[in-house]
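Asks: build the 3D model from these lines:
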Amino acid sequence: MFDLTSVEAALAGSIYSGKLHYAATTASTNDDAKAAAASGAPHGSVFLADEQTAGRGRGDHAWHSTAGEGLYVSVLLRLRIELERVTLLPLVAGLAGAEAIREAAGLKTDIRWPNDLLVGERKAGGILVETQIERDALAFAVAGIGINVHQREFPPGLDTPATSLDLEAGRRITREALLVALLKSLERGAQGILEPLASLAIPERVRRSSSWVSGRQVEVHGPQACTGLTEGLDAQGFLRVRTPAGLVTIRTGGLRALRSH
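Replies: This is a model prediction of the structure:
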């Protein structure tokens, strides 16, 4: 169970004040947020669960959401931004996750473009941003963030070995402190997207926080499958990869380290 009273007190005066929605068990906090958005829920509404029975990551990959052991939260954002800035939302959510882990657990977090939070070579969290576009404008976005906190065991056969904050920090991390740090960082990031100069700096902030987006030999999985050397992000947050056939801008897909054979 979450101590929601302390969380609400810590978020007083923020965009989230009075907008926390908690469920012991739900299918997906992102689905909860999208359903609430369709019913007119306001900007800053937060959907939090102790357990997800159908949690998912990017590409509909299942996200293992053990009861009481992780942070499973989705935030409804209603931002008046040009469509070309919408692609920065996953980057902002990733930065917020990394900052929250650093603040609450004292751990350096690597961002594997576009949506993975790694501690060392192990995955500790993931991002899933879903958007609704209406009449060529952003109606709303849902930023879903899952972070492994107390887990000691993980399902076999994961593409990337997993870890938790407790395992990496060697102590028990408070989910409430992590949640508050995450939401406050996400609020700052969302505000930054609204400001032209601040939004231009987001790809560079990710580059500084990631060992993956520059100078890394990678395999790209997905519709733009290729291999090559990463050469940073463009202004919209898309990844540039130098391949044998030339420079490719990756708009969607996942990364793995290129292993020599």
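Asks: give me the helices and strands touching the helix or strand bottoming out on mean pLDDT in the chain, please.
Replies: Ranked by mean pLDDT, DSSP states H and E, the weakest helix or strand in the chain is helix 196-200, scoring a mean of 91. When contacts are defined as 3 or more C-beta pairs under 8 Å, 6 or more residues apart in numbering; DSSP states H and E, helix 196-200 packs onto helix 175-194. Every C-beta, even on glycine, is put in place using the N, C-alpha and C of the backbone.
Asks: next one: the helix it packs on to chain centre, how far?
Replies: 11 Å (C-alpha atoms, centre = their mean, to the nearest Å).
Asks: for that helix, buried residues please.
Replies: Within helix 175-194, the residues scored as buried using 16 or more other C-beta atoms under 10 Å are 175-187, 189-190, 192-193.
Asks: center of this structure, which residue is that?
Replies: Residue closest to the mean C-alpha point of the chain, counted by C-alpha atoms, centre = their mean, is I127 at 2.7 Å.
Asks: residues contacting that one?
Replies: R58, P90, A93, G94, G97, P114, N115, D116, L117, A143, G144, I145 (C-beta atoms under 8 Å, 6 or more residues apart in numbering).
Asks: so what's the residue count around E82?
Replies: Using other C-beta atoms under 10 Å, E82 has 12 other residues around it.
Asks: all helices for the protein, in order.
Replies: Under the criterion DSSP state H, helices of the chain are mapped to 4-10, 29-38, 83-86, 89-105, 165-169, 175-194, 196-200, 202-209.
Asks: and these as JSON lines, adding distance to R256?
Replies: Below are those laid out as JSON lines (distance: least, C-beta to C-beta, whole Å):
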{"stretch": "helix 4-10", "distance to R256": "36"}
{"stretch": "helix 29-38", "distance to R256": "24"}
{"stretch": "helix 83-86", "distance to R256": "26"}
{"stretch": "helix 89-105", "distance to R256": "17"}
{"stretch": "helix 165-169", "distance to R256": "21"}
{"stretch": "helix 175-194", "distance to R256": "26"}
{"stretch": "helix 196-200", "distance to R256": "29"}
{"stretch": "helix 202-209", "distance to R256": "18"}
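Asks: tell me which of these is the most buried.
Replies: Across the helices of the chain, averaging neighbours per residue (mean count of other C-beta atoms under 10 Å) puts helix 89-105 on top, at a mean of 25.
Asks: run through who's touching stretch 226-238.
Replies: 84-85, 87-88, 90-91, 113-114, 200, 202-203, 206-207, 212-220, 239-245, 247-251, 258.
Asks: just stretch 12-27 next, same as before
Replies: 1-2, 4, 7-8, 11, 29, 32, 36, 42-54, 67, 75, 183-184, 187.
Asks: same thing with stretch 198-218?
Replies: 85, 88, 91-92, 94-95, 98, 109-113, 189, 191-193, 227-235, 237, 239, 241, 255-258.
Asks: now with 7 Å, please.
Replies: Contact with stretch 198-218 is made by 85, 88, 91-92, 94-95, 98, 110-113, 192-193, 227, 229-233, 235, 237, 239, 241, 255-258, as judged by C-beta atoms under 7 Å, 6 or more residues apart in numbering.
Asks: which ones among these map onto strands?
Replies: 110-112, 227, 229-233, 239, 241, 255-257 (DSSP state E).
Asks: what subset of the residues you listed is buried?
Replies: Taking 16+ other C-beta under 10 Å as the criterion, what is buried in the ones in strands among the contacts of stretch 198-218 is D110, I111, R112, T230, E231, L233, L239, V241, L255.
Asks: who does the fourth one form a beta bridge with?
Replies: Per DSSP bridges, the residues bridged to T230 are V241.
Asks: any idea of the pLDDT on it?
Replies: Per-residue confidence at T230 stands at 98 (pLDDT).
Asks: relative to G44, how far out is it?
Replies: Between T230 and G44 the computed distance is 34 Å (C-beta to C-beta, to the nearest Å).
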